[in-house]
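Q: no FASTA, just this:
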(Lines give C-alpha, C1' and ligand atoms only; values in the text may rest on other atoms or scores of the structure.)
Protein backbone atom coordinates (compact mmCIF):
# COMPACT_ATOMS: atom_id res chain seq x y z
CA UNK A 1 0.00 0.00 0.00
CA UNK A 2 1.44 3.33 -1.07
CA UNK A 3 1.20 6.71 0.65
CA UNK A 4 1.07 9.08 -2.26
CA UNK A 5 2.29 12.64 -2.17
CA UNK A 6 3.40 15.43 -4.47
CA UNK A 7 6.21 17.94 -4.54
CA UNK A 8 5.68 21.18 -6.42
CA UNK A 9 8.96 22.91 -7.28
CA UNK A 10 8.17 26.62 -7.33
CA UNK A 11 11.67 27.33 -8.69
CA UNK A 12 10.91 25.38 -11.86
CA UNK A 13 7.29 26.44 -12.50
CA UNK A 14 6.92 28.53 -15.66
CA UNK A 15 3.37 29.64 -14.95
CA UNK A 16 2.20 28.12 -18.24
CA UNK A 17 -0.87 26.50 -16.62
CA UNK A 18 -0.45 23.26 -18.57
CA UNK A 19 -1.31 21.52 -15.29
CA UNK A 20 -4.70 23.25 -15.26
CA UNK A 21 -5.42 22.38 -18.90
CA UNK A 22 -4.44 18.74 -18.32
CA UNK A 23 -6.66 18.52 -15.23
CA UNK A 24 -9.64 20.07 -17.00
CA UNK A 25 -9.28 17.69 -19.94
CA UNK A 26 -8.49 14.52 -17.96
CA UNK A 27 -11.21 14.98 -15.35
CA UNK A 28 -13.86 16.62 -17.53
CA UNK A 29 -13.95 19.58 -15.18
CA UNK A 30 -15.69 22.66 -16.58
CA UNK A 31 -13.23 25.54 -16.85
CA UNK A 32 -15.34 27.95 -14.86
CA UNK A 33 -15.34 29.49 -11.39
CA UNK A 34 -13.56 26.67 -9.57
CA UNK A 35 -10.79 24.34 -10.55
CA UNK A 36 -9.15 21.31 -9.00
CA UNK A 37 -5.74 22.92 -9.42
CA UNK A 38 -4.95 26.61 -9.51
CA UNK A 39 -1.81 28.59 -10.27
CA UNK A 40 -1.51 32.06 -8.77
CA UNK A 41 1.07 34.58 -9.97
CA UNK A 42 2.83 36.40 -7.13
CA UNK A 43 5.08 39.34 -7.91
CA UNK A 44 7.50 40.46 -5.21
CA UNK A 45 10.02 43.25 -4.85
CA UNK A 46 10.20 46.73 -6.25
CA UNK A 47 11.34 47.85 -9.65
CA UNK A 48 13.98 47.13 -10.88
CA UNK A 49 14.39 44.17 -8.48
CA UNK A 50 11.17 42.33 -9.23
CA UNK A 51 10.61 38.59 -9.25
CA UNK A 52 7.65 36.36 -9.98
CA UNK A 53 6.72 33.01 -8.50
CA UNK A 54 3.74 30.84 -9.30
CA UNK A 55 2.02 29.38 -6.26
CA UNK A 56 -0.04 26.24 -6.78
CA UNK A 57 -3.18 25.51 -4.82
CA UNK A 58 -4.55 21.97 -4.84
CA UNK A 59 -5.98 19.57 -2.30
CA UNK A 60 -3.18 18.75 0.12
CA UNK A 61 -4.38 15.13 0.64
CA UNK A 62 -3.78 15.46 4.37
CA UNK A 63 -2.98 12.62 6.75
CA UNK A 64 -5.53 14.15 9.16
CA UNK A 65 -8.00 15.88 6.82
CA UNK A 66 -10.43 18.20 8.56
CA UNK A 67 -12.77 17.90 5.55
CA UNK A 68 -13.27 14.20 6.34
CA UNK A 69 -13.94 14.65 10.05
CA UNK A 70 -16.74 17.21 9.49
CA UNK A 71 -18.53 15.36 6.68
CA UNK A 72 -21.92 14.23 8.06
CA UNK A 73 -22.48 11.50 5.44
CA UNK A 74 -18.98 10.05 5.04
CA UNK A 75 -18.85 11.31 1.45
CA UNK A 76 -15.39 12.76 2.10
CA UNK A 77 -13.00 9.92 2.87
CA UNK A 78 -9.40 8.74 2.59
CA UNK A 79 -8.72 5.70 0.39
CA UNK A 80 -6.18 2.98 1.18
CA UNK A 81 -3.40 4.92 -0.58
CA UNK A 82 -4.02 8.05 1.47
CA UNK A 83 -5.80 9.96 -1.30
CA UNK A 84 -8.65 12.15 -0.04
CA UNK A 85 -11.72 11.62 -2.21
CA UNK A 86 -15.42 12.50 -2.37
CA UNK A 87 -18.18 9.96 -2.99
CA UNK A 88 -20.51 12.10 -5.08
CA UNK A 89 -23.32 9.57 -4.72
CA UNK A 90 -23.70 10.28 -1.00
CA UNK A 91 -22.55 13.91 -0.87
CA UNK A 92 -25.47 16.16 0.12
CA UNK A 93 -23.69 19.39 -0.81
CA UNK A 94 -23.72 20.84 2.71
CA UNK A 95 -20.29 22.46 2.13
CA UNK A 96 -18.99 21.63 5.62
CA UNK A 97 -15.87 20.21 3.98
CA UNK A 98 -15.26 23.47 2.15
CA UNK A 99 -15.44 25.46 5.37
CA UNK A 100 -13.22 22.99 7.24
CA UNK A 101 -10.43 22.96 4.63
CA UNK A 102 -7.74 25.44 5.71
CA UNK A 103 -6.22 25.31 2.20
CA UNK A 104 -9.35 26.47 0.33
CA UNK A 105 -8.88 23.48 -1.96
CA UNK A 106 -12.53 22.70 -2.64
CA UNK A 107 -14.99 24.45 -4.88
CA UNK A 108 -18.56 23.85 -6.04
CA UNK A 109 -18.70 21.88 -9.26
CA UNK A 110 -20.93 24.00 -11.54
CA UNK A 111 -22.85 21.04 -12.97
CA UNK A 112 -23.08 18.66 -9.98
CA UNK A 113 -23.55 21.50 -7.50
CA UNK A 114 -21.53 19.59 -4.91
CA UNK A 115 -18.00 20.16 -3.62
CA UNK A 116 -15.19 18.99 -5.88
CA UNK A 117 -11.39 18.86 -5.54
CA UNK A 118 -8.15 17.36 -6.79
CA UNK A 119 -8.06 13.56 -6.64
CA UNK A 120 -4.39 13.08 -7.62
CA UNK A 121 -6.06 11.54 -10.71
CA UNK A 122 -6.72 8.46 -8.61
CA UNK A 123 -8.19 6.67 -11.64
CA UNK A 124 -4.84 7.07 -13.46
CA UNK A 125 -2.74 6.18 -10.42
CA UNK A 126 -4.69 2.90 -10.09
CA UNK A 127 -3.51 2.08 -13.63
CA UNK A 128 0.12 2.86 -12.79
CA UNK A 129 0.09 6.27 -14.49
CA UNK A 130 1.01 9.69 -13.14
CA UNK A 131 -1.61 12.36 -12.43
CA UNK A 132 -2.31 14.34 -15.61
CA UNK A 133 -0.86 17.57 -14.17
CA UNK A 134 2.44 15.82 -13.40
CA UNK A 135 2.66 14.10 -16.76
CA UNK A 136 2.05 17.27 -18.76
CA UNK A 137 4.29 19.76 -16.90
CA UNK A 138 6.98 20.88 -19.39
CA UNK A 139 9.26 22.09 -16.57
CA UNK A 140 8.89 18.94 -14.44
CA UNK A 141 7.80 21.18 -11.58
CA UNK A 142 5.36 18.59 -10.21
CA UNK A 143 6.77 15.33 -8.84
CA UNK A 144 4.49 12.51 -7.68
CA UNK A 145 5.23 9.30 -5.86
CA UNK A 146 5.11 7.13 -2.77
CA UNK A 147 6.26 9.00 0.32
CA UNK A 148 6.99 5.68 2.04
CA UNK A 149 9.36 4.50 -0.70
CA UNK A 150 12.79 5.90 0.25
CA UNK A 151 13.91 5.46 -3.36
CA UNK A 152 11.20 7.72 -4.81
CA UNK A 153 12.12 11.25 -5.79
CA UNK A 154 9.25 12.62 -3.69
CA UNK A 155 10.46 10.83 -0.55
CA UNK A 156 14.04 11.98 -1.13
CA UNK A 157 13.05 15.64 -1.55
CA UNK A 158 10.97 15.52 1.64
CA UNK A 159 13.67 13.64 3.60
CA UNK A 160 16.30 16.20 2.56
CA UNK A 161 13.97 18.99 3.78
CA UNK A 162 14.15 20.58 0.32
CA UNK A 163 10.39 20.24 0.04
CA UNK A 164 8.24 21.45 2.91
CA UNK A 165 4.49 21.38 3.55
CA UNK A 166 2.34 24.48 3.48
CA UNK A 167 0.27 25.19 6.59
CA UNK A 168 1.92 22.59 8.81
CA UNK A 169 0.60 24.59 11.76
CA UNK A 170 -2.93 23.39 10.97
CA UNK A 171 -2.07 19.89 12.20
CA UNK A 172 -3.52 18.22 9.10
CA UNK A 173 -0.15 16.75 7.97
CA UNK A 174 -0.43 17.63 4.26
CA UNK A 175 1.13 15.34 1.66
CA UNK A 176 1.75 18.08 -0.88
CA UNK A 177 5.13 19.73 -0.39
CA UNK A 178 6.71 22.80 -1.97
CA UNK A 179 10.24 23.72 -2.95
CA UNK A 180 10.51 27.45 -2.42
CA UNK A 181 12.45 29.63 -4.79
CA UNK A 182 15.77 31.03 -3.74
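A: Thanks, I have it. Quick caveat: nothing in here was measured; it's all calculated off a predicted structure. Numbers count the residues shown, from 1 in each chain.

Q: From the chain's centroid, how far away is the helix or strand harbouring residue 155?
A: Using DSSP states H and E, residue 155 sits in helix 153-159. Distance of helix 153-159 from the chain centroid (C-alpha atoms, centre = their mean, to the nearest Å) equals 17 Å.

Q: how about the nearest residue to residue 81, chain neighbours excluded?
A: Spatial nearest neighbour of residue 81, chain neighbours left out: residue 2 (5.0 Å); criterion: C-beta to C-beta, 6 or more residues apart in numbering. C-betas here are computed from N, CA, C, even on glycine.

Q: Count the neighbours of that neighbour for me.
A: Using other C-beta atoms under 10 Å, residue 2 has 15 other residues around it.

Q: Quick check, central residue of this structure?
A: For the chain, the residue sitting closest to the mean C-alpha position, by C-alpha atoms, centre = their mean, is residue 58 at 3.1 Å.

Q: Ramachandran angles for that residue?
A: In terms of degrees, to the nearest 10, the main-chain angles of residue 58 are phi -140, psi 170.

Q: still on that earlier bit, surely the residue nearest to residue 81 and residue 146 touch.
A: Yes: between residue 2 and residue 146 there is a contact at 4.2 Å, judged by C-beta atoms under 8 Å.

Q: so who does residue 101 touch?
A: Residue 101 makes contact with 59, 65, 66, 67, according to C-beta atoms under 8 Å, 6 or more residues apart in numbering.

Q: between the residues you listed, which is closest to residue 173?
A: residue 65 (8.9 Å; C-beta to C-beta).
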